[in-house]
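Undergrad: below is the sequence, then the predicted model.
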Amino acid sequence: MSGLAALCFLLLQTGAFGFEVYFAGVGLPSSSFTHEDITQIAILNATVQACRTLALAEGKDFTFPPLTADSVVAACEASKSSKSFRKVIQFIQKKNRRTDYWYLLSARHHFDDERFLEGRKLITEGLSAVKASIKRENFVTAREKLGRILHTLQDFYSHSNWVEMENQLPNSNLLREGTRIGNIAAESRATCRNCDGDDCRNNILEDILQEKILISGYFALFSSSKPEGKCSHGGKWDRTRWTEPKGGINKDTIDSNHGHLHMTAANMAVAASSQLLEDIRGAAGDKAFLQLMGISKGSSKALCFVIDTTGSMSDDIDAVRKVTSSIINNKVGTEDEPSLYILVPFNDPDFGPLVKTTDPNVFKNAINSLSATGGGDFPEMSLSGLRLALTGAPPESEIFLFTDAPAKDTYLRSTVIALIERTKSVVNFMITGILGFRRRRQVSDSEQQQQQQQQSRMVVSDATLYRDLAQVSGGLAIEVTKSELPVATSIITESSTSSLVTLLQATRNPGKAENLTFSVDESVRDVTVYITGTSTTFTLTNPSGVSQESTSTTGPLITASQSVGNFKTLQLKTQTGLWEIKFVTTNPYILKVVGVSAIDFLFDFLEVSQGPLGGLDVIDNRPRAGVNGSLLVTVTGSETATVTEVFLVESSGLRQVNGSVEAQGGGNFLAQFDRIPAEEFVVLVKGQNNNGSQRVSAVSYQRQSTTSIRASTVTVSSPATTGVLEPGTPLSVSFFVTTSGAGGTFSIRATNDQNFDSSFPSSLILVTGSSANETVNITAPSNTPSGTEVTLTIEAEAPGGADTNYVVLRFTVLKPVTDFTPPVCQNVSLQSNCSDFCSSSMWELSVQVTDGDGGSGVDRVSFRQGNGTLNTSLAAGNDTITLVSYNSSCCSPDVELLVVDEVGNVATCFYSIRRIISATTQSPSSPTVIVSTTTQSPSSPTVIVSTTTQSPSSPTVIVSTTTQSPSSPTVIVSTTTQSPELPSAAPVVSLSTTAVPSFLLCFCITIIGLNVMFEMGIN
């Protein structure tokens, strides 16, 4: 089976997809599907294509996997990215779903009320923001915007009459400004008649369909009025459905007014979503696209260092240099290679800039360029540096902060905790000299004594701040001397891997006599115990009942141990079953037990949506304290693992709340609790894994969340904005504060990680059970580059300061985009001396690439298919023309050039010197160039339909059409050039003006039932 046919086969198994709004299968009707399903299939589809292209470029075979997250990452040789990939899919799905909550009554967000141009503008502006964010490696912001525009794009096919007009391909011009979407109905033109009772199959007027007039239904939640003669959206929420013409035309579910076309519209929406993702993939490149999706060949985790660069940190920086070199030398090219490298320096008064790169040598050079200078006073801007790292690193990163000074910016404590909770990142503090005095400058003996006395009053609180932040994140506060730092850093960083799971974590201050247990299952290896604290004594007992005291560094249970400063680590002899650690110390300590395993979990708290559609929605901040609640748990790394128990365990260890668990399908489990603890707590999950074999009994497993969670009686929310900041233009961001606790004056703080100018009220007055709203005004400087990400954190603190909550918002800075035209390829020459012995002959190609008058300019040229050598240069005296030369062995007869301009418009140009099998006529003086579009018929494995256009300067062009019978082998017929003409309609799924990506055509053909590709019905 060919690769294309294999993918078609997989896509045929996906079934139909709907447009209802339910959460992750919770409450999902068995006969309908959701925006989430459409989005997930499109993401899996595009990800498979990216991995396939990279594999073929490396000369590897690629087998199309089943379209599940775990199967796709396995096929991409990135199994350690299973958890991050699932997390990215869920995040994009969540942002997609939120469009219905925040913009339910906005017609343009759903293509209702025939607001086609406004809806298209949302998509094109959002697409520009996504591409700008990816270009600067701000993937979280890109994902957020991607989810929103996917919703609007998908609604076009459910809410308009696109499929009723029997169009058989998506409307590609929805992704490109300045092109025709179709013949949009005039405001005065009637479009519908009354439905025949409950039968609305024929309620669209015949002339609308015959003339290919584009319409959509009108929707209103509170009013029944609409323009005379217009179609309604229909459905239980639409009051206009009772106004003549009665009924509706939406295809949201199979029970909708046009539910008979639900499957067709949903499949079209999947194809359109895949098309959009393909355009993003082309603009970003395959590797960056996979980063966007949370996939990397090595570890899915970033290596993130936040480093104090003041004068006394020379030894610490040297230690970091050595550790960095060791990690890069030992892990690059392995499955534990970091997916991203991040560096944030800080001192006083400065912090940053953030260095973010996938190139280990760039990161090494950045570390090597650090110098320890300055530092007039004692405290430093450590929390500002940490905040920048938390907003710049991927979610669930592990961050290492190096300092020997207390924090000067302690006012950011609650902001940092909010960001830790939202990103679920782990922060480890590597502290040197915190308990001793360090001299920043030469001072007299009396001054030194005075400073020592001042420091002694700060030591406890300073150390406590770092310990508190480490404990909240699930990290460690390691206190060592400068000479001990290299050993401690090497221990903690070398053991960091994306497959590291937490079996148990506990913080006790003060310590107490206590027995703690953890379970080791068969999937876990390399079990390691970390303990920070002084004079901690304990007894360790394995599942067989064998014990060992903490005073013994070796013995029957421990294979290796190290102790440095307040940090102790034990490597256990792995044995499945229940282990016990019995502490007898009263000194404070943090215990963390980890192991390497593919099985892990994701979790999000849910609440009943406050929108009119109801359902459950993800809580983006702290859950409500003291009331019942729901938790969605997703198992990752195993398609056979189940969840049997979920506990909310108070961090003090005194109490826990057990939830009732119900399977939701797709690795999702809903846990419901009769109350959410008012105290800080963690999530503990227990379950079974049968390894996919019915002959092997299921094995119990246990996992714990790293991040500690706090509930709150305060709620802070912000309606979704465009998510875009235009440089130099203020943006008003509204927010709401609600309290179910005591009323009074609530303190308001709004901070952003780029230090952009902002203004906000310092307080709000609320009574119990009430809400208030206000705005934050934020402005990006006029010279801020497009794609810059800014994270705005808005916090509300209840009277007395004991209770706070927050909302975290991300924005993309984007200058207005006016270039929506793809670059143009013009063939200059194509020469070959190919013979039957391909290895001894070559072919050469020369192409001119331009971006047209007023274009943003060509950013890069690469090739997605081919094994030759590509060179580019600017034309002499004309830097608007890029000259491309490509040469290759005749054994590699095809090349697909990918041309991207500065704002992310993409063109693909396909060329080949394969032998022509059809009859042709050619002038002896000009070479042959054949332009083709490839489709596939459902009745035969491959159909190649070639069409052509010729520019005046092009050589002879031969048009070739070849159809293959079911029994004949695949034949590739032609080469391709690109016409500079933009089509008035977009009859292909690619945004380029050349051939359609085969997998998208395959998708449309096999599922929608297309025989050959014709015009889309845009007149």
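TA: Alright, I've got the coordinates.

Undergrad: wasn't Leu632 part of a helix?
TA: No - Leu632 is assigned strand when assessed by DSSP: H, G, I helix; E, B strand; the rest coil, not a helix.

Undergrad: so Gln548 is in which element?
TA: In the assignment (DSSP states H and E), Gln548 maps to strand 547-549.

Undergrad: name the residues that touch that strand?
TA: By C-beta atoms under 8 Å, 6 or more residues apart in numbering, the surrounding residues in contact with strand 547-549 are 537-541, 555-558. No exception for glycine: its C-beta is placed from N, CA and C like everyone else's.

Undergrad: given the top strand by length along the chain, what are its sheet partners and their directions?
TA: Using DSSP state E, we find that the single longest strand of the chain is strand 878-889. Taking DSSP bridges as the criterion, strand 878-889 forms sheet pairs with strand 842-850 (antiparallel), strand 869-875 (antiparallel).

Undergrad: quick check: which of those is nearest to Thr264?
TA: Checking these against Thr264 by C-beta to C-beta gives strand 842-850 as the closest, at 38.3 Å.

Undergrad: my guess is Cys890 contacts Ile913, does it?
TA: Yes - counting by C-beta atoms under 8 Å, Cys890 touches Ile913, with 6.9 Å between them.

Undergrad: what's the overlap in contacts for those two?
TA: 832, 834, 843.

Undergrad: could you dump those to JSON lines with neighbour count and distance to Glu337?
TA: Output for the shared contacts of Cys890 and Ile913, formatted as JSON lines (neighbours: other C-beta atoms under 10 Å; distance: C-beta to C-beta, whole Å):
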{"residue": "Ser832", "neighbour count": "16", "distance to Glu337": "40"}
{"residue": "Cys834", "neighbour count": "17", "distance to Glu337": "39"}
{"residue": "Trp843", "neighbour count": "22", "distance to Glu337": "36"}
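
Undergrad: which among those residues gets closest to Ser425?
TA: Trp843 (50.7 Å).

Undergrad: residue contacts, that closest one?
TA: Neighbouring residues of Trp843 by C-beta under 8 Å, 6+ apart: 830-834, 887-888, 890, 893, 913.

Undergrad: Phe760 now?
TA: Counted by C-beta under 8 Å, 6+ apart, Phe760 has contacts 748-750, 774-777, 794.

Undergrad: among these, who's most crowded?
TA: With neighbours defined as other C-beta atoms under 10 Å, the most crowded of the contacts of Phe760 is Ile794; it has 26 neighbours.

Undergrad: and the closest residue to Asp359 other than its chain neighbours, how far is that from Lys364?
TA: Once flanking residues are discounted, Asp359 sits nearest to Tyr341: 7.6 Å by C-beta to C-beta, 6 or more residues apart in numbering. Between Tyr341 and Lys364 the distance is 8 Å, computed by C-beta to C-beta, to the nearest Å.

Undergrad: got it, and Arg120?
TA: 45 Å.

Undergrad: so those two - more neighbours on which side?
TA: Higher neighbour count among Arg120 and Lys364: Arg120, with 23 against 18, using other C-beta under 10 Å.

Undergrad: pLDDT score for the residue nearest to that one when sequence neighbours are not counted?
TA: Distances taken as C-beta to C-beta, 6+ apart place Leu174 nearest to Arg120, at 5.3 Å, with adjacent residues excluded. Looking at Leu174, its pLDDT reads 97.

Undergrad: what sits against Leu174?
TA: Contacts of Leu174 (C-beta under 8 Å, 6+ apart): 119-120, 123, 153, 156, 181, 272.

Undergrad: dump those into CSV; add pLDDT, distance to Phe222 and secondary structure as well.
TA: Shown next, in CSV, are these (pLDDT from 0 to 100; distance: C-beta to C-beta, whole Å; DSSP: H, G, I helix; E, B strand; the rest coil):
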residue, pLDDT, distance to Phe222, secondary structure
Gly119, 97, 22, helix
Arg120, 97, 27, helix
Ile123, 97, 27, helix
Leu153, 98, 27, helix
Phe156, 98, 24, helix
Ile181, 95, 29, coil
Ala272, 97, 31, helix
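
Undergrad: out of those residues, which one sits closest to Leu648?
TA: The closest of these to Leu648 turns out to be Leu153 (C-beta to C-beta; 38.4 Å).

Undergrad: now for Ala671: which residues touch it?
TA: 630-633, 643, 646, 659-662.

Undergrad: for ChimeraX, what selects the buried ones among those?
TA: In ChimeraX, this line selects whichever of these come out buried by 16 or more other C-beta atoms under 10 Å:
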select :630,631,632,633,643,646,659,661
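
Undergrad: still on that earlier bit, quick one: which of Cys890 and Ile913 has more around it?
TA: Using other C-beta under 10 Å, the more surrounded residue of Cys890 and Ile913 is Ile913, with 22 against 19.

Undergrad: hang on, the earlier thing: the contacts of strand 547-549: which two are farthest apart?
TA: Pairwise distances across the contacts of strand 547-549 peak at 18.5 Å for Thr537 and Pro556 (criterion: C-beta to C-beta).

Undergrad: buried residues in stretch 311-327, which are they?
TA: Under 16+ other C-beta under 10 Å, the buried positions of stretch 311-327 are 311-313, 315-317, 319-320, 323-324, 327.

Undergrad: can you give me the strands for the stretch 201-350 of the chain?
TA: Using DSSP state E, counting those that start in this stretch, the strands of the stretch 201-350 of the chain run over 213-214, 302-308, 340-346.

Undergrad: distance between the shortest one and the chain's centre?
TA: On the basis of C-alpha atoms, centre = their mean, to the nearest Å, the separation between the geometric centre of strand 213-214 and that of its chain is 36 Å.

Undergrad: repeat that for the second one.
TA: In this view, strand 302-308 has its centroid 21 Å away from the chain centroid, taken as C-alpha atoms, centre = their mean.

Undergrad: CA atoms of that strand as CSV?
TA: Listed next in CSV are the C-alpha coordinates belonging to strand 302-308 (Å, rounded to 0.1, in the frame of the first residue of the first chain):
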residue,chain,number,x,y,z
ALA,A,302,13.5,22.3,28.1
LEU,A,303,16.7,23.0,29.9
CYS,A,304,16.1,26.3,31.7
PHE,A,305,18.7,28.2,33.8
VAL,A,306,18.0,31.5,35.6
ILE,A,307,21.3,32.8,36.8
ASP,A,308,22.4,35.6,39.2
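
Undergrad: quick one: the contacts of Phe760 as a markdown table, columns for pLDDT too.
TA: Supplementary listing: the contacts of Phe760 in a markdown table, determined by pLDDT from 0 to 100:
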| residue | pLDDT |
| --- | --- |
| Ile748 | 97 |
| Arg749 | 96 |
| Ala750 | 97 |
| Glu774 | 95 |
| Thr775 | 96 |
| Val776 | 97 |
| Asn777 | 97 |
| Ile794 | 97 |
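
Undergrad: from the residues you listed, pick the one nearest Thr804.
TA: Among the contacts of Phe760, Arg749 lies closest to Thr804 (C-beta to C-beta), at 9.1 Å.

Undergrad: would you verify that the closest one is located in a helix?
TA: No - Arg749 is assigned strand when assessed by three-state DSSP, not a helix.

Undergrad: my guess is it contacts Thr415. True?
TA: Yes - Arg749 lies in contact with Thr415 (C-beta under 8 Å); the separation is 7.2 Å.
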